[in-house]
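Enquirer: Take a look and give me a structure for this.
(chains A, B, C and D)
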Number of protein chains: 2
Amino acid sequence: MPTQTEQEFILHFGEMGSRWGINRTVGQIYALLFLSQRPLCADDIVEALHVSRSNVSMGLKELQAWNLVRLRHQQGDRRDYFTTPEDMWEIVRTLIAERKKREIDPTLTKLRELELQAPDDLDDHARTRMAELRELIEALTGFYDEMNQLETERLVGLLKMGAKLSKLAVGAGKVLPLKNSKA
Amino acid sequence: MPTQTEQEFILHFGEMGSRWGINRTVGQIYALLFLSQRPLCADDIVEALHVSRSNVSMGLKELQAWNLVRLRHQQGDRRDYFTTPEDMWEIVRTLIAERKKREIDPTLTKLRELELQAPDDLDDHARTRMAELRELIEALTGFYDEMNQLETERLVGLLKMGAKLSKLAVGAGKVLPLKNSKA
DNA sequence: CATGAGTTTCAGAAATTTCTGAAACGCGCG
DNA sequence: CGCGCGTTTCAGAAATTTCTGAAACTCATG
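Expert: Numbering: from 1, shown residues only, chains lettered A, B, ... in the order given. Below you'll find the model as predicted:
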């Protein structure tokens, strides 16, 4: 039984859900698990959120598809219990990985496909734009892959260095000059 | 009148629209403008996409709210013409800024509000979790703000350095040790 | 100030997404 | 096997979002 403040947090996650690409119930379930100290089973969630059992079931399935919850079992209890990872950075990594998978990768695939499939069914401008877009996505996802290799500790280190990093970048952009770097 | 390949690109953007937090028509309009060499007016879009005039009007309004299109005018023509920025990096910056505004900032605000408003209507675990989440968002948005100050050229430089950056980060994480940096 | 080219608004229709209760399913145990 | 406990599926209901046509609005021009 969540306190007033917890309730408000949960409702906020529910409302934000649609902006984050999940639905209200899924957002609320996640918020509830996020705050809860102990693992919760489906019926705990039904009780806390006042939504139907099947809705909770589907919501949990979706959270599992997003890799955002962990399944637990308790001694002598057949029910599934769920938690969110303790480590906040792990949550962020998962979130970024999953959003990349859903929002970026399909477009990169499509762009490559279109460029191969029909190299001359495009006027010059459209072809250039599509190629530029593909290159940019490749650059960003390549960078992402490299950052994702690093342990959290190093990543946090880079984060804290912040703008100091930029001093190191002087001139590095020259290696492969961009057409529009000034705009 | 888009070619077959352009059509496919436009339809893809339409389908991805819902994952990106815009609707199908808005995605299609954006794709059309993105590929088009010359600015287009609302009626050009109606013709190309076969959707209603009012739908285009609303879609353009939404794209303007996202800062994703630029308004142009032509000599002796009262109609509004629209383009997307030539510079791909500008587009990325806008996209990130707007998503941050819609998806992150409201939650950061809410977290601060809840922490202030009701400092003791939470058990220890929930309070800790909310504080950790707030700190993490603050760290990420702080880093974002710093990176956003840099000119594109330097940003691309950093991007190209990729994993080499990590060498610099050794030990930097120690400044403010994290509880869960190992997980 | 009336016209008309152009844009925006808006109420309802259409489409899509979310939610529910009921039924089906899975599985360990006596 | 068949019972009990728990989960999943699914078809339709409810809610929400998107889309449309018609009407309202704006404003430069004759």
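Enquirer: packing partners for the lengthiest helix in chain A?
Expert: Determined from DSSP state H, the single longest helix within chain A is helix A:124-149. Judged by 3 or more C-beta pairs under 8 Å, 6 or more residues apart in numbering or on different chains; DSSP states H and E, helix A:124-149 is in contact with helix A:88-99, helix A:105-117, helix B:4-20, helix B:24-35, helix B:88-99, helix B:152-161. Yep, even glycine has a C-beta here, placed from its N, CA and C like the rest.
Enquirer: correct me, but residue A:126 touches residue B:6?
Expert: Yes. With contact defined as C-beta atoms under 8 Å, residue A:126 counts as touching residue B:6 (5.7 Å).
Enquirer: what's around whichever residue of chain A sits closest to DNA strand D, how many residues?
Expert: When distances are taken as C-beta to the nearest atom of the strand, chain A reaches nearest to DNA strand D at residue A:54, 3.2 Å away. Neighbourhood size, residue A:54 [other C-beta atoms under 10 Å in any protein chain shown]: 10.
Enquirer: Quickly find the element holding it.
Expert: helix A:53-65 (DSSP states H and E).
Enquirer: got the angle between that helix and helix A:88-99?
Expert: Interaxial angle, helix A:53-65 versus helix A:88-99 (axes from the mean of the first three to the mean of the last three C-alpha atoms, to 10 degrees): 90 degrees.
Enquirer: how about the helix or strand following helix A:53-65, does it reach DNA strand C?
Expert: Under the assignment DSSP H and E, the closest C-terminal helix or strand after helix A:53-65 is strand A:70-74. No. Against DNA strand C, strand A:70-74 shows no contacts by C-beta under 7 Å from any atom of the strand, the least distance being 11.4 Å.
Enquirer: Which secondary structure elements does strand A:70-74 sit against?
Expert: By 3+ C-beta pairs under 8 Å, 6+ apart, strand A:70-74 packs against strand A:77-83.
Enquirer: And for the strand it packs on, what's in contact with it?
Expert: Strand A:77-83 has contacts (C-beta atoms under 8 Å, 6 or more residues apart in numbering or on different chains) with A:33, A:36, A:39-43, A:60, A:63, A:69-74.
Enquirer: cool, and stretch A:107-119?
Expert: Residues from elsewhere that reach stretch A:107-119 (C-beta under 8 Å, 6+ apart): A:127, A:130-131, A:133-134, A:137-138, A:141, B:4-5, B:8-9, B:12, B:16.
Enquirer: tell me the least confident of those?
Expert: Within those, the minimum per-residue pLDDT falls on residue B:4 (90).
Enquirer: That residue contacts residue A:120, correct?
Expert: No. Contact status for residue B:4 versus residue A:120: not in contact, 11.3 Å apart, counting by C-beta under 8 Å.
Enquirer: Pick out whichever of the two has more residues nearby.
Expert: When neighbours are counted by other C-beta under 10 Å, residue B:4 and residue A:120 differ, and residue B:4 comes out ahead with 12 against 8.
Enquirer: chain center to stretch A:46-62: distance?
Expert: 22 Å (C-alpha atoms, centre = their mean, to the nearest Å).
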